[in-house]
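Enquirer: I need the structure of the sequence given here:
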Amino acid sequence: MARGHTKVYALKGGWRAWERAEFPYEEKESELPQIVQGCVNCHEVETPHVVAEWQRSKHSANMVSCLMCHGVEHNSDKDVDKAATVKPELCIMCHEAQGKQFAAGKHSMAWKAVKALPAAHWQPMAYIQGIKGCDSCHKIGFKEEKEIRELRKQGAGFGIASCDVCHTRHSFSVKEARQPQTCRVCHRGFDQPLWEIYSSSKHGIRHSLKRDGTLPESTPTPTCQNCHMKGGDHGVRTAWGFLAIRLPMPEDKEWAEARKTIMQALGFLDPQGKPTQRHAFIKEIDLARLTQEDWQKERDKMTRTCSECHPTLFVNRLFENGDRTVMESDLLLAEAIRIVAGLYKDRILDRPWNYPYDFPDFFEMHDAPTPIEQKLYLMFLKHRTSAIQGGFHANPDYGLWYGLLELQHSIAEIRAMDEQLRGKKKKRRK
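Expert: Model (predicted):
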């Protein structure tokens, strides 16, 4: 079989540096039908739906065959392990612009982020191994070849190669990836209620009415991709980011102190307010906007996008209200953090062994041992997220009932629990 040197991009110089590399096989049109037909004949029996998906794809119509992704070493059921490891570098051969955008965006960091979370390593293997649990969404991030090989041995499903998380193999449909339901796979539920927020917003309602034919095809119905992947940009970055923290600190002193407290609970700063190792890691994986310029760039980009349908005055007011929601949420959360930190400091509550300071650690609180710590974790991961995302995604009703009001209920309970715990301590002393 002919071998060639088709140039592709490979991830060699770090998580975001693409360099040229060699691909071991160059298809020749003269030999393509015979070789590929052998693949099809076998897999129509062994994996018929895989063949059908590929035959419906643009890859099939454009001579991108099994060999381009899986190589030529696998020829029978005796050498399945010789099928080439599929990585995003292969997709970059043809989709160079999208690959570079993805590499510069937050999704490419997802796998590295979850692997660094201590809580992810403590869960039952039934919820983790083979891309389950947290990994089921974080699989979209870049992986090393050895990691991909190990996942394949575990029987891991789609998403190993990153691109196929949204462009499901083997059809790799662009049309599928453009639907908001594709984002729903990860962005929904406990800590990412974006599907619930979007689908019950005016944007989501109009999209569903357009799909069922109630509204005409020409109706503007924004999807996740229209706003967050403008022009097909695969970077998918936002101004506030998932954690909704940023630098520099705000001018409002109370808010600045609240944000500092939250950064300490994230392990971003130590109890004295100095940067930690985790600060460097958060910067490395681009989990927060750490300069005004970086934040403003993303805010301006989204303002331009929203202004295509709405008056700029309306857009600015929406975003200002969103910023205020972040502030209101931060003030409530910070008070709760300080209460729990005070319980650790006064030795009323035993600080878990894995917390580095007498301070809550949100990245370790998945298995928070006491009700008051669990309540704090819910405030951070669930209710604060709902409040902020509801505010920015044109669904303030969701943000109020499932976000801000839940935060207020939780802080009231935490205050009461704090008094109760301190009262018990006094009784024991007597």
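
Enquirer: quick one, what contacts Gly399?
Expert: 197, 325, 386-391 (C-beta atoms under 8 Å, 6 or more residues apart in numbering). For every residue, glycine as well, the C-beta is placed using N, CA and C.

Enquirer: what about the stretch 51-200 of the chain, any weak spots by pLDDT?
Expert: Low-confidence segments of the stretch 51-200 of the chain, defined by pLDDT under 70: 118-121.

Enquirer: could you pull out the helices for it?
Expert: 58-61, 66-70, 88-92, 96-103, 110-116, 135-138, 145-153, 174-177, 180-184, 194-199 (DSSP state H, counting those that start in this stretch).

Enquirer: Run the chain-centre distance for the first one.
Expert: The one in question is helix 58-61. 29 Å (C-alpha atoms, centre = their mean, to the nearest Å).

Enquirer: State the pLDDT value of the closest residue to Tyr198 other than its chain neighbours.
Expert: Among residues not flanking Tyr198 along the chain, Gly204 sits closest, at 4.5 Å (C-beta to C-beta, 6 or more residues apart in numbering). At Gly204, the predicted lDDT confidence score is 97.

Enquirer: ok, residues contacting the host helix or strand of Gly204?
Expert: Assigned by DSSP states H and E, Gly204 belongs to helix 202-211. Residues external to helix 202-211 that are found in contact with it (C-beta under 8 Å, 6+ apart): 180, 198-199, 215-217, 219-223, 393-394.

Enquirer: Ile339 is nearest to which of the helices of the stretch 51-200 of the chain?
Expert: For Ile339, the closest of the helices of the stretch 51-200 of the chain is helix 110-116, at 27.8 Å, according to C-beta to C-beta.

Enquirer: so what does the closest one touch, helix or strand wise?
Expert: Counting contacts by 3 or more C-beta pairs under 8 Å, 6 or more residues apart in numbering; DSSP states H and E, helix 110-116 packs against helix 135-138.

Enquirer: Could you say which helix or strand holds Leu313?
Expert: helix 312-345.

Enquirer: Counting neighbours, which bits of that helix end up buried?
Expert: 315, 318-319, 322-323, 325-326, 328-341, 343-344 (16 or more other C-beta atoms under 10 Å).

Enquirer: Which strands and helices lie in contact with it?
Expert: Judged by 3+ C-beta pairs under 8 Å, 6+ apart, the packing partners of helix 312-345 are helix 253-265, helix 292-306, helix 371-378, helix 384-392, helix 405-429.

Enquirer: just the angle between that helix and helix 405-429, please?
Expert: Interaxial angle, helix 312-345 versus helix 405-429 (axes from the mean of the first three to the mean of the last three C-alpha atoms, to 10 degrees): 10 degrees.

Enquirer: tell me the mean pLDDT for helix 312-345?
Expert: For helix 312-345, mean pLDDT is 97.

Enquirer: Stretch 219-229 now?
Expert: The predicted model assigns stretch 219-229 a mean pLDDT of 95.

Enquirer: In that stretch, which residues are buried?
Expert: 221-229.

Enquirer: right, and Leu269 touches His279 too?
Expert: Yes. Counting by C-beta atoms under 8 Å, His279 is a contact partner of Leu269 at 6.9 Å.

Enquirer: Name the residues contacting each of these two.
Expert: By C-beta under 8 Å, 6+ apart, no residue touches both Leu269 and His279.

Enquirer: Let me see the domain layout of the chain.
Expert: Here the domain parsing of the chain from automatic domain parsing is 6-176, 180-236, 239-429.

Enquirer: Fine, thanks again, bye for now.
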